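K.L.:
Sharing a model prediction with you, sequence too.
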Amino acid sequence: MTTSPNTTTQYTSEQFVESCGAILFDLSAQNKTVCLIHYHAKNEWLLAKGRRNCGESRHEAALREVREETGSQAHLYPVTMHTRAPPMDEQGHMPDKPRCYSNLTEPFMVTMRQLGGAGVNDVKIIWWYIAALDEGVVARSAGQAEEGFTPKFFPLNEAVKRLSFDSDRIVLQKAIELVEAH
């Protein structure tokens, strides 16, 4: 038996949890805005995300979490981005390297967060998508958000500064870069 030359970490189903989130943009106005969630219990500004339910696809979980935490109906927003995934119509073997594709609604980033303290080998995997308000939905008239959360739309640069955590800032900055390039 041989081992892989690549560093490998494996987790059983008891050791990982999958979360999915989406950066919710209001693209209807000339000045784009993005939705952040104010978590009252800890006075934190966050991005909409949460655990994926059994049997639920990742993109469905991301849109459900946006709906629950912001009260707004949204859809995945297609962007042009680089990914290591092969195209849907892959013909034969393609080398594993980044390629640029347009109109993708795939995750644009993944966050791996260690859970627990010393000696705990658990992880949270967060898949990030880009979403936009559905047509006819007005950012200022968001529906009923989950209790304990207040959604608010901010201009893009203000939203980056408002977020409580650096890791969320990195996610939002990448999402803004992709949306602005579209």
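P.N.:
Nice, thanks for sending it over.
K.L.:
can we go C-alpha only for contacts and neighbour counts from here?
P.N.:
Fine.
K.L.:
Which strands or helices does the longest helix seen in the chain pack on?
P.N.:
In the chain, ranked by residue count with DSSP state H as the criterion, the top helix is helix 166-181. Contacts defined by 3 or more C-alpha pairs under 8 Å, 6 or more residues apart in numbering; DSSP states H and E place helix 166-181 against strand 79-83, helix 156-162.
K.L.:
Identify all contacting residues around the last one.
P.N.:
Residues lying outside helix 156-162 but in contact with it, judged by C-alpha atoms under 8 Å, 6 or more residues apart in numbering, are 32-36, 45, 153, 169, 172-173, 176.
K.L.:
what pLDDT, on average, does it get?
P.N.:
Mean pLDDT, helix 156-162: 97.
K.L.:
And the first one, by the same measure?
P.N.:
Summarised as a single mean, pLDDT over strand 79-83 is 97.
K.L.:
which strands and helices sit next to that strand?
P.N.:
Using 3+ C-alpha pairs under 8 Å, 6+ apart, strand 79-83 sits against strand 99-104, helix 166-181.
K.L.:
Outside of the helix or strand harbouring residue 123 itself, list whatever touches it.
P.N.:
Assignment of secondary structure by DSSP states H and E places residue 123 within strand 122-133. Strand 122-133 is contacted from outside by 11, 15-27, 58-59, 62-63, 72-78, 105-116, 139, 171, 175, using C-alpha under 8 Å, 6+ apart.
K.L.:
Can you give the distance from it to the centre of its chain?
P.N.:
3 Å (C-alpha atoms, centre = their mean, to the nearest Å).
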